Each structure stands twice: as C-alpha cells, then as structure tokens.
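pasted the sequence and its predicted model underneath.
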Amino acid sequence: MRQFDVLDNPIARARRAMPFVAILQSDLAETGFDRVVAPLAPTTAMPPLAGRLIPIVEIGRRDYALLVPALTTLRATDLREVVASLADERARILAALDYLFIGF
C-alpha cells in the first residue's frame, strides 16, 4: 500500500455510504500498525460540495468526495486490495490537508 492508494472500506456498516478509503499517510511514516485514511463517498449521495477541503476525485468513471475532515486510522491488516490510486490528485489532496490543519 502506498500513499494515495484507494481501497475498499473495511468497515462493513459504513461501506454503503463510503465504499472506499484513501491512504493519506506518507509511505515514510509506515512505522506502526495503523494507516491514516480518509473515506470516499459518492457525490450523488451528498449535497453539492465546493471548496478545497473536500476534493472531488474520479474512481472508475464515478465522482467521489474525499472527506478529508473525516480522517481516521485503520489497521493496515484490515486494508486489502488496492482498487485505484489518487496519486494524480496529489496537489489537490495536499492543499485540502493544508487547509484542514494550517488554514490556508
């Protein structure tokens, strides 16, 4: 697993609303058993979103909201198969993280 990889959400009760999670933790920080992730929710199930805090990304020709404010940790052993990568969205994801933690 690498930073910006997208995987199926391992939390069964949340999978319907947020089918995927994206690893936001740097590859260099893989020192423990957990990984910092943000859930992805289909934009069709959400009110219109705008702004830097919640980037809209495409996975399998569908738009998803990367819910940066909902950062959490999951056990690395619960994260299975990589289904996509958001590496091409790196700049927008880092801008969202900067906005969340630094405010600009």
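That came in fine, so what should we check first?

chain center to stretch 77-96: distance?
Taking C-alpha atoms, centre = their mean, to the nearest Å, one finds stretch 77-96 lying 6 Å from the centre of the chain it belongs to.

elements contacting the helix or strand containing residue 58?
Per DSSP states H and E, residue 58 falls inside strand 56-59. Here strand 56-59 touches strand 62-66, going by 3 or more C-beta pairs under 8 Å, 6 or more residues apart in numbering; DSSP states H and E. For the C-beta atoms, the positions are set from N, CA and C on the backbone; glycine is no exception.

give me the mean pLDDT for the strand it packs on.
Predicted confidence along strand 62-66 averages 96 (mean pLDDT).

what's the next secondary structure element after it?
For strand 62-66, the succeeding helix or strand toward the C-terminus, using DSSP H and E, is strand 72-75.

buried ones in that following strand?
By neighbour count on 16 or more other C-beta atoms under 10 Å, the buried set for strand 72-75 is residue 74.

can you map out the strands along the chain?
Assigned by DSSP state E, the strands in the chain fall at 5-8, 20-23, 34-42, 56-59, 62-66, 72-75, 82-85.

ranking those strands by burial, who's on top?
For the strands of the chain, the largest average neighbour count (mean count of other C-beta atoms under 10 Å) is found in strand 20-23, namely a mean of 25.

just checking, what packs against it?
Counting contacts by 3+ C-beta pairs under 8 Å, 6+ apart, strand 20-23 is packed against strand 5-8, strand 34-42.
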